[in-house]
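Trainee: what would the 3D arrangement of this be:
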Amino acid sequence: MNQGPFQSTRRTQLRSPVTAWIVVISLCLGFMLAVECVAKENQNSVMPSALSISDNVIIYGNLLLLASTILYLLHLYFRTQEIGIWATRLAIAGALVLVAGLVVGTTETGLADESLTSSLNVMTLFSSATVVIYLVMEKIYRTRSAGAFVMPIVAAAVLFVAFGKSTQYNLSDIQQTGLQNYWSHAQILTNIIAYGAFAIAAALAILYLWRQAISRQALEQAAEKPFQFELSKIEKVMHQAIFFGVLLLAVSTVLGIGMSLQNSGEYLHWEAKEAWSASILLLYSTYLYGGRVRKWHGRKMAYWAVIGFCLVMLSFLA
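Mentor: Next comes the predicted model:
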């Protein structure tokens, strides 16, 4: 019976993946039950027969992203390669399913109808864009360290969409004036992808602060090399994400000005939405100026990225 220690080691190796899947399945089932209970209270059933095909596809995609979020968090705790691999796979599947749901929704309602004018669909687009940007970053830098910080932002968007679908709650839809053309959808698309880049930057900023706070001894004991993500590399990727987001936000602003000129003959109306966009563009432009010219770095820039994304969320909810 000298194999006891080896059997114990094998059980330890298998424990974390099994525990991870138990947690994922339990939380996903709890999520589905909670959504259904909320729907029944609001007398809006979320049974498949009451939903369109695109709604069902989006629900399944949201479940995949929620499961991926849980696995990324467990990956941060267990530091097991198998959990990380499955987290990435589910994130890829979830993003693809969400995009498919949006495409199906476009065919159901028509491009000029409600495909990209509903705030819930815009939030779905935000979730898929954020995941795609993160997955590209994960592939380039070969690390999943940021997954536990990026995916909770996606999960918050998923919960918002689930709440909206179950209660028929919707923020004031995007103004319909001038939205009956491809240029408007290009403007919305570039805007949402820019917001996704800002979400990645905020998650990296939180990772930077977390990485700076933990002790060097804890890092040396880390079982997986990706958790040795250097502070300088985190800050560099954060800067790149914000630069990419500012570039897209500038393009979106130009498209918005062009549509405003075409529809009303004026460049800007300075309504609440335009004021928020200008504030966000100014804040992140100042961030880039401080980093490039003033050589700002470290915690100051991390806090700046987090505050900037909070402003982005306020602009969406306002």
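Trainee: which residues touch Pro87?
Mentor: Careful, residue 87 is Ala; it's not Pro. The neighbourhood of Ala87, defined by Cβ atoms under 8 Å, 6 or more residues apart in numbering, consists of 68, 71-72, 75, 144, 147, 151. In short, each C-beta sits where N, CA and C put it, glycine included.
Trainee: so can I have a markdown table of these showing neighbour count and pLDDT?
Mentor: Supplementary listing: those in a markdown table, determined by neighbours: other Cβ atoms under 10 Å; pLDDT from 0 to 100:
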| residue | neighbour count | pLDDT |
| --- | --- | --- |
| Ser68 | 26 | 91 |
| Leu71 | 31 | 88 |
| Tyr72 | 28 | 91 |
| His75 | 27 | 86 |
| Arg144 | 26 | 86 |
| Gly147 | 27 | 90 |
| Met151 | 28 | 93 |
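Trainee: tell me how far Tyr72 lies from Leu135.
Mentor: To Leu135, Tyr72 is 12 Å away according to Cβ to Cβ, to the nearest Å.
Trainee: who touches both of the two?
Mentor: Counting by Cβ under 8 Å, 6+ apart, the shared contacts of Tyr72 and Leu135 are Ala91.
Trainee: got the buried residues for stretch 200-216?
Mentor: Counting neighbours by 16 or more other Cβ atoms under 10 Å, one finds that the buried residues in stretch 200-216 are 200-209, 211.
Trainee: give me the element Lys295 is part of.
Mentor: Counting by DSSP states H and E, Lys295 is held by no secondary-structure element, helix or strand.
Trainee: and which of the buried residues of stretch 200-216 is nearest to Leu261?
Mentor: Proximity of the buried residues of stretch 200-216 to Leu261 was ranked by Cβ to Cβ; the top entry is Ala201 with 31.0 Å.
Trainee: quick one: contacts for the closest one?
Mentor: Residues near Ala201 by Cβ under 8 Å, 6+ apart: 238, 241-242, 245, 305, 308-309.
Trainee: how close does it get to Met301?
Mentor: Distance of Ala201 to Met301, given as Cβ to Cβ: 10 Å.
Trainee: same deal with Ile83?
Mentor: Per Cβ to Cβ, Ile83 is found 31 Å from Met301.
Trainee: so those two - more neighbours on which side?
Mentor: For Ile83 against Met301, the residue with the higher neighbour count under other Cβ atoms under 10 Å is Ile83, and the figures read 25 against 20.
Trainee: who are the contact partners of the spatially closest residue to that one that is not a sequence neighbour?
Mentor: When the adjacent residues along the chain are set aside, Ile83 lies closest to His75, with 4.5 Å between them (Cβ to Cβ, 6 or more residues apart in numbering). Applying Cβ under 8 Å, 6+ apart to His75 gives the contacts 20, 83-84, 87, 144, 147-148.
Trainee: among those, which one sits closest to Trp183?
Mentor: When the contacts of His75 are compared for distance to Trp183, the smallest value, 34.8 Å, is given by Gly147; criterion: Cβ to Cβ.
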